[in-house]
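Participant: My questions are about this predicted structure, shown below with the sequence.
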Amino acid sequence: MADAKRSKRFEILEKRPVHLDGFIGEWIEVGLYAMGSPQDPKPSIKIEGDKIVEMDGKSRGEFTMIEQFVADYAINVKNAREAMAKSETEIARMLVDINVSREECIKVFTALTPSKIARVMEEMNVVEMMMAMQKMRCRQTPANQAHVTSAKDHPVMLAADAAEATFRGFKEIETTVGVVRYAPFNALALLVGGQVGRRGTLSQDALEEAFELQVGMRGLTSYAETVSVYGTERVFVDGDDTPWSKAFLASAYASRGLKMRFTSGTGSEVQMGAAEGKSMLYLETLCVMVTKGAGVQGLQNGSISCIGVPAAVPSGLRAVTAENLITMCLDLEVASGNDQTFSHSDQRRTARTMPQFLPGTDWIFSGYSSTPNYDNMFAGSNWDISDVDDYLALQRDFKVDGGLRPVKEEDVVAVRNKAARAMQAVFAELGFPPITDEEVEACTYANGSKDIGDRNIPEDLKAAERLMKDAVTGVDVAKALAKRGFRDVAESIILMMRQRVAGDYLQTSAWVGSDGTVYSAVNDPNTYMGPGTGYKMSEERWEEIKAIPWAIRAEDV
Amino acid sequence: MAQTNEEFVASVVRQVLKEISVEAPASAAAKSASGITAADYPLGMKRRDVLKSPRGIPFDELTLENVESGKVAFEDFSISPDVLSMQGDIASSAGRTQIALNFNRAREMTKIPDERILEIYNSLRPHRSTKEEMLGIADELQNKFGAAVCAEFVREAADVYQRRKLLKGDLPTD
């Protein structure tokens, strides 16, 4: 074909990174539709006695397992008639009205059907959603979570990175593996390193459900979040669970004194090929309600690993914002995504994070990569450690508390070194393959796994297996640390073990302060009702955020 | 504005607290043998007096020194059924009834060994168990572990699995 004469400008635009991203038009049948698909059900409710006998146009006998669970456990029947009688616009306006309290909104939302909730979101633009988030998130003080992973599953590097991440301000840290059999060591590295960086750190090891529960039971982790729920029955069953099995698992975690949240996200049903023509947001609403019904305190959503799907369709990132908001409106903790790469465009990936960053959420990222993305075993996060100074600048530019703080190089080097040495001590005391001083040194100063040598993997894996077989516990790790002179780290681990006895961090949206005090939606509830209320940054915190080390000091000019 | 900011904030906080207490179901307060509410939270700071390990070791004795001396073992760092009840009462008093129900199930599960819990969880996955097997698990929960709430939950699941063809041997619904 004869080449049409090209515009130089269009040729340049086509080479911009955004053109490497996937974009697709709406496609109703496969569920490639962000919000308000023509095939979404119309809101309705019929109640007989205290039972819902019809919901969103379907009678009880035809309910899927998900619909039955939601109808029986997630909707406050007592308030349902009154709440459902309100128009979607009226409810949406309650969310942005500073004179309507969070509690009044919760009372309405917990009495709505899934379709009604999704339709309320359709009434809102993204700025209104952000206004609503400021009021509706459970915990007043925002916080942040990091991924800590290694392409080599290098236990020393993981401990050093965990320490740096928590020193920088991440209150929860999450790992997963490249090689599954390394998983016990990854949990151990985050336990030790996380406490070195900041006493009180919550850590998790994202793996198969049963394994996660097992390492949690032993005190090697303190919480879990990769307990997935889905919005269609077929996908839920393909995920090898039901709302009842997942709710049972949730109770098992609580019975062992472990914090947990569920995971879901728009686009997962499309990705698994069974969205049944429903919009992503409607299906996600069902997931949030399953979580509510199971009595789980919180949910990780915001599309998560499926972000490429909603991000490809019109209004997709608005739907992702809406799913976070729905979670808050049902009085659940939200770990609000931003944890997976989806775009080549720096503008798009920054913009994608603003609806959570600016108003603040319980956990702005459910996995900011605290390592370079080549080491991120969750397939890369939307932001990685290379972006951290940009993040600090944004906190300072907008006077926003994004959960992180500026740090000095020498301090980071010191905590990384201490974590690496603590890990060396634990390995020596428990008889695991030795960690050399050279490895400690390399991991202290490294940026990523490309800067460090390789471990003897077969020997490590044998030892990791032994850790599980011998049922090594958090108490054993604390004893080992104390014996080798890391008494303060040992104390920190005991402090975390004591959390299991008190159970305070089982309440909604909890994190643990360095003195062991738990902060959650119970003792730090969101009281936002317009300017002058809600979260107010302390002077001390503002001074901290302002003090990026590379800024020129006026007095030096 | 006639009100100062502080007055306004104080009135918001008062309103929140008032609504929390209004929302609390009366039955929860009556059921609360512990008398514990959101005002006692966090227990680890405000009510150490009521916190004990399952075999009765006081919270303040769960220290590194006592671990080293052997007075305290790993098993002591476990949540007790009583503490789960208290946390359930706290959740209820903050208006979170589903969490209280979850802790109710959890309270019963403290008596079930780790291994058996994992096995039961696996049996509740789709297409794993016949209805009879599920009802058998429910009976075991009730009779062997005194877990009546969990037992009822499993019986309910068995009915749903039957209706939705999620039992062992059922073909997928579509």
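Facilitator: Yep, it's here.
Participant: Spit out the contact partners of B:Ala147.
Facilitator: B:Ala147 is in contact with B:Arg105, B:Glu108, B:Met109, B:Lys111, B:Ile112, B:Leu141, counting by Cβ atoms under 8 Å, 6 or more residues apart in numbering or on different chains. Where you see a C-beta, it was placed from the backbone N, CA and C, and this is true even at glycine.
Participant: measure the closest residue to the fourth one other than its chain neighbours to B:Phe77 for me?
Facilitator: Okay, so that is B:Lys111. The shortest distance from B:Lys111 to any non-neighbouring residue, by Cβ to Cβ, 6 or more residues apart in numbering or on different chains, is to B:Phe145 (4.9 Å). Noted for B:Phe145: a distance of 22 Å to B:Phe77, by Cβ to Cβ, to the nearest Å.
Participant: Excluding chain neighbours, give the residue nearest to A:Asn417 in space.
Facilitator: Nearest residue to A:Asn417 in three dimensions, chain neighbours excluded: A:Thr444, at 4.2 Å (Cβ to Cβ, 6+ apart).
Participant: Go ahead and confirm A:Pro38 touches A:Ile28.
Facilitator: Yes: taking contacts as Cβ atoms under 8 Å, A:Pro38 lies within contact range of A:Ile28: 6.2 Å.
Participant: For residue 166, pull up the helix or strand it's in.
Facilitator: No chain specified, so I'll use chain A. Under the criterion of DSSP states H and E, A:Thr166 resides in helix A:155-168.
Participant: I was after chain B.
Facilitator: B:Leu166 is part of no helix or strand when elements are defined by DSSP H and E.
Participant: And the pLDDT for residue 109?
Facilitator: Chain wasn't specified; assuming chain A. Listed pLDDT for A:Phe109 reads 98.
Participant: Let me rephrase: I mean chain B.
Facilitator: We have a pLDDT of 98 for B:Met109.
Participant: circling back: Three-state assignment for the residue nearest to A:Asn417, please.
Facilitator: What DSSP: H, G, I helix; E, B strand; the rest coil gives for A:Thr444 is helix.
Participant: Contacts only, for it.
Facilitator: Contacts for A:Thr444 (Cβ under 8 Å, 6+ apart) come out as A:Ala160, A:Val413, A:Arg416, A:Asn417, A:Ala420.
Participant: Get me the contact residues on the stretch 1-150 of chain A for chain B.
Facilitator: Among all residues of the stretch 1-150 of chain A, those adjacent to chain B (criterion: Cβ under 8 Å from any Cβ of the partner chain) are A:Thr64, A:Met65, A:Gln68, A:Phe69, A:Tyr73, A:Ala74, A:Ser101, A:Arg102, A:Glu103, A:Glu104, A:Ile106, A:Lys107.
Participant: Could you check how far the closest residue to B:Phe103 other than its chain neighbours is from A:Ala118?
Facilitator: Spatial nearest neighbour of B:Phe103, excluding adjacent residues (Cβ to Cβ, 6+ apart): B:Gly88 at 3.8 Å. Per Cβ to Cβ, B:Gly88 is found 31 Å from A:Ala118.
Participant: Show the low-confidence segments of chain B, by residue range.
Facilitator: Low-confidence segments of chain B, defined by pLDDT under 70, span residues B:1-33, B:172-174.
Participant: For chain A, what's the nearest residue on it?
Facilitator: Nearest residue of chain B to chain A, counting by Cβ to the nearest Cβ: B:Asn102, 2.7 Å away.
Participant: Now that residue. Nearest residue, chain neighbours left out?
Facilitator: Nearest to B:Asn102 is A:Gly295, by Cβ to Cβ, 6+ apart, at 2.7 Å.
Participant: And for A:Leu467?
Facilitator: A:Pro184 (4.5 Å).
Participant: Kindly report the same for B:Asp76.
Facilitator: Spatial nearest neighbour of B:Asp76, chain neighbours left out: B:Ser53 (4.0 Å); criterion: Cβ to Cβ, 6+ apart.
Participant: how about the one you found, what does it touch?
Facilitator: A:Val501, B:Phe59, B:Leu62, B:Val72, B:Glu75, B:Asp76, B:Phe77, B:Ser78, B:Ser80.
Participant: Angles on the backbone of the most centrally placed residue in chain B, please.
Facilitator: The residue lying closest to the centre of chain B (Cα atoms, centre = their mean) is B:Phe103, at 1.0 Å. When read as degrees, to the nearest 10, the backbone of B:Phe103 gives phi -70, psi -30.
Participant: buried sites along stretch A:321-337?
Facilitator: Using 16 or more other Cβ atoms under 10 Å in any protein chain shown as the test for burial, stretch A:321-337 gives A:321-337.
Participant: With stretch B:145-156 instead?
Facilitator: For stretch B:145-156, by 16+ other Cβ under 10 Å, it's B:Phe145, B:Ala147, B:Val149, B:Cys150, B:Ala151, B:Phe153, B:Val154, B:Arg155.
Participant: Filter these down to just the ones in helices.
Facilitator: Residues of those located in helices (DSSP state H): B:Phe145, B:Val149, B:Cys150, B:Ala151, B:Phe153, B:Val154, B:Arg155.
Participant: picking that back up, pretty sure the residue nearest to the centre of chain B is touching A:Ala254, no?
Facilitator: Yes: with contact defined as Cβ under 8 Å, B:Phe103 and A:Ala254 form a contacting pair (5.7 Å).
Participant: joint contacts of these two?
Facilitator: Here B:Phe103 and A:Ala254 share the contacting residues A:Leu506, B:Leu84, scored by Cβ under 8 Å, 6+ apart.
Participant: contacting residues around the nearest residue to A:Gly448 once chain neighbours are set aside?
Facilitator: Closest residue to A:Gly448 apart from its sequence neighbours, by Cβ to Cβ, 6+ apart: A:Pro372 at 4.2 Å. Applying Cβ under 8 Å, 6+ apart to A:Pro372 gives the contacts A:Asp384, A:Ile385, A:Ser386, A:Asn447, A:Gly448.
Participant: what about the last one, how many residues close to it?
Facilitator: A:Gly448 sits with 21 neighbouring residues when counted by other Cβ atoms under 10 Å in any protein chain shown.
Participant: How about the backbone phi and psi for the residue lying closest to A:Ala471 once chain neighbours are set aside?
Facilitator: In space, A:Ala471 comes closest to A:Arg218 once its chain neighbours are excluded; the distance is 6.4 Å by Cβ to Cβ, 6+ apart. A:Arg218 adopts backbone torsions of phi -90, psi 0, taken as degrees, to the nearest 10.
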